[in-house]
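**Student:** fold the stuff below for me.
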Amino acid sequence: MPSTLRLVAQTRQGLLDAARPYAPARVAAEEAEMDRLRQVTTDLKDVDRLAHRAAHLRARVAWADGLQQDLGPRPASPNKVHTRFEAALALAPHVLADLDDPAKGDQVRSVVDPEARSGKPGTYCDGYLLDLSLDADRARLTARHILPGNSDEARDTQPLLEAAERAQGHAVEAVSIDGLGWNGEVLRALRAPAGRGVEVYVPPPVLAATPVCGPEALILDAAQGVVTCPGGPQTATKERRADHTGWQFVLARRQWAGCRQPARCLATLPQKKGRRVIQHAYQAEYDAARAWAMTSREAAVRQQHPRVARQLADRVRDHDGHRSRYRGQWRVQEPYLLTGLVVHVQRRVKRLRPPGAQLVPPLV
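**Tutor:** Modelled structure (predicted):
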């Protein structure tokens with residue numbers, strides 16, 4: 001809650017500072033009202049203080065909208081003052097929308113860097129994600145993307161491959177992705193002949209050992225919308241998954257009670273409920289990926305995959321790449337581009353250096 005109060009306060013102050021060149025008297029009056037509001041809400045709980053400040057910000061946004069209309073159309077070559085005002089006016093409604101619906105995601109985390117987002121690449125952090133593409137034949141970096149922290153890196157595979165193809169001048173025939181590439185929609189789009197038509201190598205997640213049959217043992221009649229258990233029970237009762245990637249079929253307890261293979265379906269018959277079975281829309285893609293993972297070709301590809309991890313480690317460990325010194329998505333890209341150039345030169349020099357030779361002569 002304190003961080004949210006601070007975000008609302010910074011958004012409000014940024015909007016007033018941006019509007020000051022156009023309406024200095026009104027901004028001074030608003031700042032006096034801010035001081036009064038701060039004093040009368042000092043003893044309130046944080047949730048009540050936040051409600052007052054959000055209402056105050058909402059009123060200031062409505063006033064700033066009117067001010068923007070009074071300023072007229074956007075000039076052909078806007079100056080820094082006008083650009084700053086437009087940016088502050090665009091940010092404030094986003095912050096208010098986050099307050100109205102905290103569960104919607106894509107929340108603004110900072111007024112200083114409004115493009116940064118909260119994500120969990122390993123632990124929760126606010127910032128950006130770094131995606132790399134490496135040519136396995138030449139061990140050369142071919143593409144680099146900087147994404148907001150809450151982005152779907154699996155979906156970024158296709159734009160990353162397109163950038164790699166433009167850099168190399170030829171089509172990519174196969175791609176190796178780490179575990180985040182286990183996404184049925186992405187696998188289908190990459191492998192489809194009508195799409196990119198590339199071979200995809202991705203390590204499948206480990207299946208939990210279970211004595212009962214899994215969803216693959218159930219027979220789906222897509223035309224009738226009915227799923228049949230190996231032991232005989234059928235059901236057409238289903239509900240769409242929240243992520244829209246398949247159906248969840250529900251078999252009641254009375255249906256399982258008549259199963260001819262009860263030990264295979266359920267370890268023990270539930271007292272009240274039956275069993276829920278998910279039929280995934282991308283099951284064929286997952287089965288194909290698991291089949292690929294058992295081939296010798298997959299094993300050879302996975303041996304080359306650590307090259308990408310080492311290049312990423314060079315940027316993060318040796319060049320402090322886990323922390324950005326700039327704010328804004330396009331500004332963050334610049335140091336990573338220069339860091340990539342440095343890492344590439346270092347690796348080329350290391351390859352050309354004779355065995356045992358020192359890179360820098362020792363000081364005497």
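**Student:** do I have it right that Thr11 meets Leu91?
**Tutor:** Yes - using CB atoms under 8 Å, Thr11 and Leu91 qualify as a contacting pair, with a distance of 6.3 Å. Where you see a C-beta, it was placed from the backbone N, CA and C, and this is true even at glycine.
**Student:** more neighbours, the two?
**Tutor:** More crowded of Thr11 and Leu91, by other CB atoms under 10 Å: Thr11, with 25 against 19.
**Student:** helices of the stretch 1-150 of the chain, start to end?
**Tutor:** With DSSP state H, counting those that start in this stretch as the criterion, the stretch 1-150 of the chain has helices at 2-19, 24-40, 46-71, 80-100.
**Student:** relative to helix 24-40, how tilted is the third one?
**Tutor:** In this case it means helix 46-71. Here helix 46-71 runs at an angle of 170 degrees relative to helix 24-40 (axes from the mean of the first three to the mean of the last three CA atoms, to 10 degrees).
**Student:** and helix 46-71, what's buried?
**Tutor:** Neighbour counts over helix 46-71 (16 or more other CB atoms under 10 Å) mark 49-50, 53-54, 56-57, 60-61, 64, 68 as buried.
**Student:** widest-spaced pair of the residues you listed?
**Tutor:** Among these, the pair separated by the greatest distance (CB to CB) is Arg49 and Gln68, at 28.5 Å.
**Student:** return the alpha-carbon coordinates of stretch 117-131 using PDB.
**Tutor:** C-alpha atoms of stretch 117-131 as PDB (Å, rounded to 0.1, in the frame of the first residue of the first chain):
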ATOM      1  CA  ARG A 117       6.800  -4.200 -15.700                       C
ATOM      2  CA  SER A 118       6.900  -6.800 -12.900                       C
ATOM      3  CA  GLY A 119       7.900 -10.300 -13.900                       C
ATOM      4  CA  LYS A 120       9.300 -13.500 -12.500                       C
ATOM      5  CA  PRO A 121      12.300 -14.800 -14.600                       C
ATOM      6  CA  GLY A 122      13.500 -16.400 -11.400                       C
ATOM      7  CA  THR A 123      12.500 -14.200  -8.600                       C
ATOM      8  CA  TYR A 124      10.000 -11.300  -8.800                       C
ATOM      9  CA  CYS A 125      11.600  -8.100 -10.100                       C
ATOM     10  CA  ASP A 126      10.600  -4.900 -11.900                       C
ATOM     11  CA  GLY A 127      12.300  -4.100 -15.200                       C
ATOM     12  CA  TYR A 128      12.800  -5.900 -18.600                       C
ATOM     13  CA  LEU A 129      13.700  -9.200 -20.100                       C
ATOM     14  CA  LEU A 130      16.600 -10.000 -22.400                       C
ATOM     15  CA  ASP A 131      16.000 -12.400 -25.300                       C
END
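**Student:** residues contacting it, please?
**Tutor:** Residues from elsewhere that reach stretch 117-131 (CB atoms under 8 Å, 6 or more residues apart in numbering): 106-107, 109-110, 116, 143-151, 153, 156, 160, 312, 315, 321, 324, 329, 332, 336.
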